[in-house]
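# just to be clear, the model below is a prediction. Sequence and coordinates:
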Amino acid sequence: MPFTDFSLDQRLLQTLKHMGIDTPTEIQEQAIPIALAGKDIMASSKTGSGKTLAFLLPAMQRMISCRALSKRDPRVVILLPTRELATQVYSQLRLLVANTQYKATKILGGENFNDQAKALARDPHFVVATPGRLADHLKQHHLHLNGLELLILDEADRMLDLGFAEQLKQINNAADHKRRQTLMFSATLDHGDVNEIAAELLKTPEHVSIGAGNLEHKDITQRIFLCDHLDHKEALLSRILKDEQQKQIIIFTATRSDTERLAIKLAEEGFKTASLSGELKQTARNQIMDEFSRGLQQILVTTDVASRGLDLLNVSLVINFDMPKFAEEYVHRIGRTGRAGAKGDAVSLVGPKDWVNFTQVQTFLNKKFSFSELEGLKGKFTGLKAKPQSKSKAKPAAAKQKATTAKRKSAAKATANRDRRFATGVDIGDAPMLRKPKSKLQDTPED
Ligand code: AMP
């Protein structure tokens, strides 16, 4: 079914044509007609499935075909969990509004508050924002949402995990009227907090579900290499980079110092390489991402700060130099390739320190990986054995309960910490693998 089958304004169809987009993806095919009919949506969809246009196109169509409820208030607010994702959605929106009289602005944490207040005073029709900063402007009365027609929440699960529930409620309350439509997108619908907030924000929503969050991406070939130590990882990496014809490559490491060290090493080997980590200022991060997306660098070495949502169409290979600490991060990382129907490769280098995280990925995906080898670079490591069950007497019920509660609390705390670090762009990950002691280096199979 072509886009022309939806009743979209000619200008939108024209922009899609310029973008080289003619056939809707599954999420677009399902969500666009519901949104155009003015109904609320609760949708789950895989990363890279085209969900941005699934909400931007109906939003634009509503702008064009309906009278505004207010001349001054924003008509559409789009909320996203991170600055990078918001910037990406904003750039797609800019393409769509370019042909029209509508104004859009982005309101992100970490950027100048007064400049944002001035931008809001110019009465934009669209506001793309992170929830914390938008709630701050609401408090300062820099904008009013009485005339809001469409509220869109993208990656709602992530926003809730990052602790934005209160801000989402404030924004919802400021725009609480019968004529508001709400579209909520979430990587998973199997999330208690998402369902709770959906019950508050959405009016009898239609459910759209395209593939669960942990479904594998059919366009990505995944290979796993077992590694003995850091030098072995580096040898495998060098061989893969030299032997394989790849367009652009993203390499994920556990820590910031690793990204820098590896980026210097690869640059010395002649690759155009940039490194990105959460410690950098936002402007520096933007510049690095911009250069990479324009193809000025072939390799980006990064921590998990670049694992989510970023839309880089020329990335043909993702390498997990270190396995991610949280299994769902694996899906986000490899989702940086194989986007919009293209084929992609994902390589994971798994050493003893990665083993536990690797087994968690297998459990998360419900899949048992086989291992790949490169000639002359086969290591000795074959995986760690699971710890045998303790033979000590079963704990009494009360002690067991206490231990379970403590464990749950500590897991929740760890998740909260990780998410806070993710939100602020601080690096996440395990300690990297250590280098093998020099004296034993000759055992290492070298390239
Ligand atoms: P998203 O999941 O929204 O981040 O989109 C991923 C990528 O797919 C973006 O580069 C979009 O421009 C692209 N895309 C979105 N819709 C389509 C479509 N119908 N056909 C081809 N590419 C698309």
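Thanks, I have the structure now.
# and residue 160, what helix or strand is that in?
For residue 160, the host element (DSSP states H and E) is helix 156-161.
# what sits up against that helix?
The list of residues contacting helix 156-161 from outside it, by CB atoms under 8 Å, 6 or more residues apart in numbering, reads 79-82, 131, 153, 168, 184-188, 191, 193-194, 197-198, 308, 415, 419. The way it works is simple: take the backbone N, C-alpha and C, and place the C-beta from them, glycine included.
# tell me which other helices or strands the helix or strand just after that helix touches.
Downstream of helix 156-161, the first helix or strand assigned by DSSP H and E is helix 165-174. Other elements packing on helix 165-174 under the criterion 3 or more CB pairs under 8 Å, 6 or more residues apart in numbering; DSSP states H and E are strand 76-79, helix 131-139, strand 150-153, helix 192-201.
# does whatever helix or strand residue 286 lives in come close to the ligand?
Using DSSP H and E, residue 286 maps to helix 282-293. No: figure legend: helix 282-293 not in contact with the ligand (CB under 6 Å from any ligand atom); closest approach 10.6 Å.
# what mean pLDDT does that helix have?
Mean per-residue pLDDT for helix 282-293: 84.
# list the contacts of the helix or strand just after that helix.
Using DSSP H and E, the next helix or strand after helix 282-293 towards the C-terminus is strand 299-302. Applying CB under 8 Å, 6+ apart, the set of residues contacting strand 299-302 from outside is 241, 248-253, 259, 262-263, 266, 271-277, 288, 292, 306, 321.
# just checking: what are the partner strands of strand 299-302?
Note on strand 299-302: by DSSP bridges, its sheet partners are strand 248-252 (parallel), strand 273-276 (parallel).
# which among those is found nearest to residue 87?
strand 273-276 (14.1 Å; CB to CB).
# so how far is the closest one from its chain's centroid?
Taking the mean of its C-alpha atoms, strand 273-276 sits 19 Å from the chain's own mean (CA atoms, centre = their mean, to the nearest Å).
# contacting residues around residue 55?
By CB under 8 Å, 6+ apart, residue 55 lies in contact with 31, 35, 78, 152, 154, 183, 185.
# contacts only, for the fourth one.
Shown here is residue 152, whose contacts under the criterion CB under 8 Å, 6+ apart are 55, 59, 76-79, 182-185.
# ok, now the fifth one?
For residue 154, the contacting residues are 51-52, 55, 78-81, 85, 89, 185, by CB under 8 Å, 6+ apart.
# got a PyMOL select line for the buried ones in the residues you listed?
Per 16 or more other CB atoms under 10 Å, the buried members of these correspond to this PyMOL selection:
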select buried, resi 51+52+55+78+79+80+81+85+89+185
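# check the contacts of residue 154 and tell me the two furthest apart.
It's 55 and 81 that sit farthest apart of the contacts of residue 154, by CB to CB, at 15.1 Å.
# now distance to residue 299 and mean pLDDT too, for the helices and strands packed on helix 165-174, in CSV please.
Formatted as CSV, the helices and strands packed on helix 165-174 follow (distance: least, CB to CB, whole Å; pLDDT from 0 to 100):
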stretch, distance to residue 299, mean pLDDT
strand 76-79, 32, 98
helix 131-139, 32, 97
strand 150-153, 34, 98
helix 192-201, 36, 87
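# which bits of this protein sit near the ligand?
The interface of the chain toward the ligand, taken as CB under 6 Å from any ligand atom, is made up of 21, 23-25, 28, 48-53, 311, 313, 339-340.
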